[in-house]
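[1] Next one to model:
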Amino acid sequence: MKIIKKILILLLVVFVVAQFFGPEKNVGELASIEPFLSETNPPENIKAILKESCYDCHSNVTRYPWYNNITPVNYWLAEHVKDGKKHFNMSNWEGLSTKKKDHKFEELIEMVEEKEMPLPSYTWTHTEAKLTDAQIQDMVSWAKQVRFKYSLEPKPE
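    Numbers count the residues shown, from 1 in each chain. A predicted model of the protein is given here:
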(Lines give C-alpha, C1' and ligand atoms only; values in the text may rest on other atoms or scores of the structure.)
Protein backbone atom coordinates (compact mmCIF):
# COMPACT_ATOMS: atom_id res chain seq x y z
CA MET A 1 0.00 0.00 0.00
CA LYS A 2 2.87 2.35 0.79
CA ILE A 3 4.34 1.93 -2.70
CA ILE A 4 1.01 2.79 -4.37
CA LYS A 5 0.77 5.94 -2.27
CA LYS A 6 4.31 6.96 -3.30
CA ILE A 7 3.53 6.30 -6.96
CA LEU A 8 0.35 8.40 -6.76
CA ILE A 9 2.22 11.27 -5.09
CA LEU A 10 4.94 11.10 -7.76
CA LEU A 11 2.32 11.14 -10.53
CA LEU A 12 0.63 14.14 -8.91
CA VAL A 13 3.94 16.01 -8.72
CA VAL A 14 4.70 15.21 -12.38
CA PHE A 15 1.21 16.41 -13.36
CA VAL A 16 1.60 19.69 -11.44
CA VAL A 17 5.07 20.37 -12.88
CA ALA A 18 3.79 19.59 -16.40
CA GLN A 19 1.28 22.45 -16.07
CA PHE A 20 4.16 24.92 -16.37
CA PHE A 21 4.98 23.66 -19.87
CA GLY A 22 2.90 23.67 -23.02
CA PRO A 23 3.00 23.94 -26.78
CA GLU A 24 3.18 27.22 -28.66
CA LYS A 25 -0.24 28.75 -29.25
CA ASN A 26 -1.63 29.50 -32.68
CA VAL A 27 -2.33 33.21 -32.24
CA GLY A 28 -2.71 35.34 -35.34
CA GLU A 29 -4.61 38.36 -36.58
CA LEU A 30 -8.02 38.26 -38.24
CA ALA A 31 -6.41 40.27 -41.03
CA SER A 32 -4.58 37.10 -42.08
CA ILE A 33 -7.91 35.70 -43.29
CA GLU A 34 -8.80 38.78 -45.39
CA PRO A 35 -7.12 37.60 -48.63
CA PHE A 36 -9.08 34.33 -48.41
CA LEU A 37 -12.36 36.16 -47.79
CA SER A 38 -11.70 38.72 -50.54
CA GLU A 39 -10.86 36.09 -53.12
CA THR A 40 -13.62 33.59 -52.30
CA ASN A 41 -16.27 36.22 -51.49
CA PRO A 42 -18.42 34.18 -49.07
CA PRO A 43 -21.89 35.53 -48.26
CA GLU A 44 -22.56 36.55 -44.66
CA ASN A 45 -24.08 33.18 -43.66
CA ILE A 46 -20.96 31.37 -44.92
CA LYS A 47 -18.67 33.85 -43.13
CA ALA A 48 -20.52 33.02 -39.92
CA ILE A 49 -20.10 29.28 -40.50
CA LEU A 50 -16.39 29.71 -41.27
CA LYS A 51 -15.88 31.73 -38.10
CA GLU A 52 -17.82 29.34 -35.87
CA SER A 53 -16.79 26.01 -37.37
CA CYS A 54 -13.51 26.43 -39.26
CA TYR A 55 -11.22 29.26 -38.13
CA ASP A 56 -10.02 27.56 -34.94
CA CYS A 57 -8.28 24.72 -36.79
CA HIS A 58 -7.96 26.05 -40.34
CA SER A 59 -6.43 29.50 -39.86
CA ASN A 60 -3.87 31.33 -37.76
CA VAL A 61 -6.72 32.63 -35.59
CA THR A 62 -7.56 30.09 -32.89
CA ARG A 63 -9.87 30.73 -29.94
CA TYR A 64 -8.63 28.51 -27.15
CA PRO A 65 -11.07 27.05 -24.60
CA TRP A 66 -10.31 27.13 -20.88
CA TYR A 67 -9.23 23.49 -20.86
CA ASN A 68 -6.36 24.34 -23.19
CA ASN A 69 -4.50 25.42 -20.05
CA ILE A 70 -4.34 21.81 -18.85
CA THR A 71 -1.40 19.64 -19.87
CA PRO A 72 -1.65 17.18 -21.69
CA VAL A 73 -4.90 18.44 -23.26
CA ASN A 74 -3.10 21.48 -24.68
CA TYR A 75 -0.69 19.22 -26.61
CA TRP A 76 -3.60 17.25 -28.06
CA LEU A 77 -5.34 20.47 -29.17
CA ALA A 78 -2.12 21.88 -30.62
CA GLU A 79 -1.69 18.75 -32.72
CA HIS A 80 -5.29 19.04 -34.00
CA VAL A 81 -4.72 22.67 -35.02
CA LYS A 82 -1.39 21.86 -36.66
CA ASP A 83 -2.95 19.00 -38.63
CA GLY A 84 -5.97 21.10 -39.63
CA LYS A 85 -3.74 23.91 -40.92
CA LYS A 86 -1.62 21.41 -42.84
CA HIS A 87 -4.69 20.36 -44.84
CA PHE A 88 -6.44 23.74 -45.22
CA ASN A 89 -5.18 27.09 -43.93
CA MET A 90 -7.18 30.21 -44.79
CA SER A 91 -4.40 32.41 -43.40
CA ASN A 92 -1.88 31.20 -46.02
CA TRP A 93 -4.21 31.47 -48.99
CA GLU A 94 -2.20 33.99 -51.01
CA GLY A 95 0.76 31.67 -51.45
CA LEU A 96 -1.22 28.88 -53.13
CA SER A 97 -1.58 28.31 -56.87
CA THR A 98 -5.04 28.35 -58.44
CA LYS A 99 -4.75 24.60 -58.97
CA LYS A 100 -3.98 24.06 -55.28
CA LYS A 101 -6.81 26.36 -54.19
CA ASP A 102 -9.23 24.48 -56.42
CA HIS A 103 -8.06 21.20 -54.90
CA LYS A 104 -8.53 22.57 -51.37
CA PHE A 105 -12.13 23.46 -52.24
CA GLU A 106 -12.67 20.03 -53.78
CA GLU A 107 -11.57 18.50 -50.47
CA LEU A 108 -13.71 20.98 -48.51
CA ILE A 109 -16.80 19.90 -50.46
CA GLU A 110 -16.07 16.23 -49.90
CA MET A 111 -15.37 16.59 -46.17
CA VAL A 112 -18.40 18.77 -45.48
CA GLU A 113 -20.78 16.64 -47.57
CA GLU A 114 -19.63 13.49 -45.82
CA LYS A 115 -20.01 15.26 -42.45
CA GLU A 116 -16.35 14.60 -41.63
CA MET A 117 -15.85 18.31 -40.92
CA PRO A 118 -15.99 19.79 -38.44
CA LEU A 119 -14.52 16.84 -36.55
CA PRO A 120 -16.83 15.14 -34.04
CA SER A 121 -14.16 15.65 -31.36
CA TYR A 122 -14.46 19.41 -32.00
CA THR A 123 -18.26 19.54 -32.00
CA TRP A 124 -18.46 17.66 -28.67
CA THR A 125 -17.21 20.77 -26.93
CA HIS A 126 -18.26 23.31 -29.57
CA THR A 127 -21.86 22.28 -30.23
CA GLU A 128 -22.49 25.55 -32.07
CA ALA A 129 -19.98 24.42 -34.72
CA LYS A 130 -22.02 21.39 -35.76
CA LEU A 131 -23.45 22.05 -39.21
CA THR A 132 -27.11 21.58 -40.03
CA ASP A 133 -28.14 20.02 -43.32
CA ALA A 134 -29.05 23.49 -44.61
CA GLN A 135 -25.65 24.87 -43.63
CA ILE A 136 -23.94 21.94 -45.34
CA GLN A 137 -25.91 22.68 -48.51
CA ASP A 138 -25.00 26.37 -48.32
CA MET A 139 -21.30 25.59 -47.78
CA VAL A 140 -21.21 23.12 -50.66
CA SER A 141 -23.02 25.50 -53.02
CA TRP A 142 -20.63 28.33 -52.17
CA ALA A 143 -17.58 26.06 -52.52
CA LYS A 144 -18.78 24.86 -55.93
CA GLN A 145 -19.16 28.49 -57.06
CA VAL A 146 -15.60 29.20 -55.95
CA ARG A 147 -14.34 26.13 -57.82
CA PHE A 148 -16.20 27.29 -60.94
CA LYS A 149 -14.48 30.68 -60.65
CA TYR A 150 -11.11 28.95 -60.41
CA SER A 151 -11.90 26.83 -63.47
CA LEU A 152 -12.33 30.03 -65.51
CA GLU A 153 -8.91 31.41 -64.56
CA PRO A 154 -6.13 30.98 -67.14
CA LYS A 155 -3.81 28.07 -66.47
CA PRO A 156 -0.06 28.75 -66.31
CA GLU A 157 1.89 27.40 -69.25
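[2] can you pull the buried residues of the host helix or strand of Ser38?
    With elements taken from DSSP states H and E, the one containing Ser38 is helix 34-40. Neighbour counts over helix 34-40 (16 or more other CB atoms under 10 Å) mark 36, 40 as buried. (C-beta placed from N, C-alpha, C; glycine too.)
[3] Distance check, the residue nearest the centre of the chain against Val140.
    Centroid-nearest residue in the chain: Cys57, 1.7 Å away (criterion: CA atoms, centre = their mean). Per CB to CB, to the nearest Å, Cys57 is found 19 Å from Val140.
[4] Pretty sure the residue nearest to the centre of the chain sits against His80.
    Yes: applying CB atoms under 8 Å, one finds Cys57 in contact with His80, separated by 6.1 Å.
[5] what's the lowest-mean-pLDDT helix or strand in the chain in contact with?
    Least confident helix or strand, the chain: helix 2-18 with a mean of 76, by mean pLDDT, DSSP states H and E. Residues from elsewhere that reach helix 2-18, judged by CB atoms under 8 Å, 6 or more residues apart in numbering: 71-72.
[6] Identify the contacts common to Cys57 and His80.
    What both Cys57 and His80 touch, as defined by CB under 8 Å, 6+ apart, is the set 119, 122.
[7] Could you list the low-pLDDT ranges of the protein?
    Low-confidence segments of the chain (pLDDT under 70): 15-23, 26-28, 30-31, 155-157.
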